[in-house]
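>>> build me a model:
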Amino acid sequence: MAVEAEAANHENISQHLQDLISKNSELGSRLLSLLLVSSGNSKEIINAINNGDLQSVQNLNLEKLSSTVKNAKENTEVKVEATSDELKLRQLEKKKKNTEASARFRIRKKQREQEKLEKLTELKSQIETLYTRIDTLVDENKYWKKRLQEVNEKKSKDLLDSIKRSNLSSSS
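Next up, the predicted model:
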């Protein structure tokens, strides 16, 4: 009974494959190529399809085809598992790289902040030095103004005295 069900299943597969091939569908072409490559009776299959003889296609070595399909399924499952593992590895690698990049970014950010603080401290020190220099220059300026005023007053007094003497001498 299981043999009859498998034969009916193969017949349905063959009919469906024939329909896909006759419609020139891309899937039909690919399945035909796969069938020809994976089975040992590719010449017989091509002749049967070209002659439109479905019965010959159905009578061909379908056991070999079913074992090939099973092997293909197993290979696909292995590839899916491998792909799944590879995907997990890639995701872990990506996560690791992102974590490392984030760590580098945080380190650079702290370094920039530290450099800014050092620059700020340096600028504050320079500002204090400049304020001290300004105070010194203001004091020096006051001194020289006072000194200039004293000199001017003395000259003015001397000039006034000189004028007075000259007036006294000329009047006498």
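>>> okay, Leu36: pLDDT?
Each residue has a pLDDT score; the one for Leu36 is 63.
>>> can you read off the pLDDT for Lys97?
pLDDT, read off for Lys97, is 94.
>>> which SSE is it in?
helix 62-171 (DSSP states H and E).
>>> could you tell me which ranges of the protein sit under the pLDDT cut-off?
1-14, 16-18, 20-22, 24-25, 27-43, 45-82, 172 (pLDDT under 70).
>>> now with 80?
Within the chain, the stretches with pLDDT under 80 are 1-84, 170-172.
>>> distance of Gln149 from Asn141?
12 Å (Cβ to Cβ, to the nearest Å). (Each C-beta comes from the backbone N, C-alpha and C, glycine too.)
>>> do the same with Ser125
Ser125 is 25 Å from Asn141, by Cβ to Cβ.
>>> same question for Asp161.
The value you get for Asp161 to Asn141, if Cβ to Cβ is used, is 30 Å.
>>> now stretch 112-130: buried residues?
By neighbour count on 16 or more other Cβ atoms under 10 Å, the buried set for stretch 112-130 is empty.
>>> and the contacts of it?
Residues from elsewhere that reach stretch 112-130 (Cβ atoms under 8 Å, 6 or more residues apart in numbering): none.
>>> put the alpha carbons of that stretch into PDB.
Output of stretch 112-130 as PDB, limited to C-alpha atoms (Å, rounded to 0.1, in the frame of the first residue of the first chain):
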ATOM      1  CA  ARG A 112      38.400  64.800  24.200                       C
ATOM      2  CA  GLU A 113      36.700  65.900  27.400                       C
ATOM      3  CA  GLN A 114      40.000  65.600  29.300                       C
ATOM      4  CA  GLU A 115      41.700  67.600  26.600                       C
ATOM      5  CA  LYS A 116      39.000  70.300  26.800                       C
ATOM      6  CA  LEU A 117      39.400  70.500  30.600                       C
ATOM      7  CA  GLU A 118      43.100  70.800  30.300                       C
ATOM      8  CA  LYS A 119      42.700  73.500  27.700                       C
ATOM      9  CA  LEU A 120      40.200  75.300  29.900                       C
ATOM     10  CA  THR A 121      42.600  75.200  32.900                       C
ATOM     11  CA  GLU A 122      45.400  76.500  30.700                       C
ATOM     12  CA  LEU A 123      43.200  79.300  29.400                       C
ATOM     13  CA  LYS A 124      42.100  80.300  32.900                       C
ATOM     14  CA  SER A 125      45.800  80.400  33.900                       C
ATOM     15  CA  GLN A 126      46.600  82.600  30.900                       C
ATOM     16  CA  ILE A 127      43.600  84.900  31.700                       C
ATOM     17  CA  GLU A 128      44.800  85.300  35.300                       C
ATOM     18  CA  THR A 129      48.300  86.100  34.000                       C
ATOM     19  CA  LEU A 130      46.900  88.700  31.600                       C
END
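>>> lovely, talk soon.
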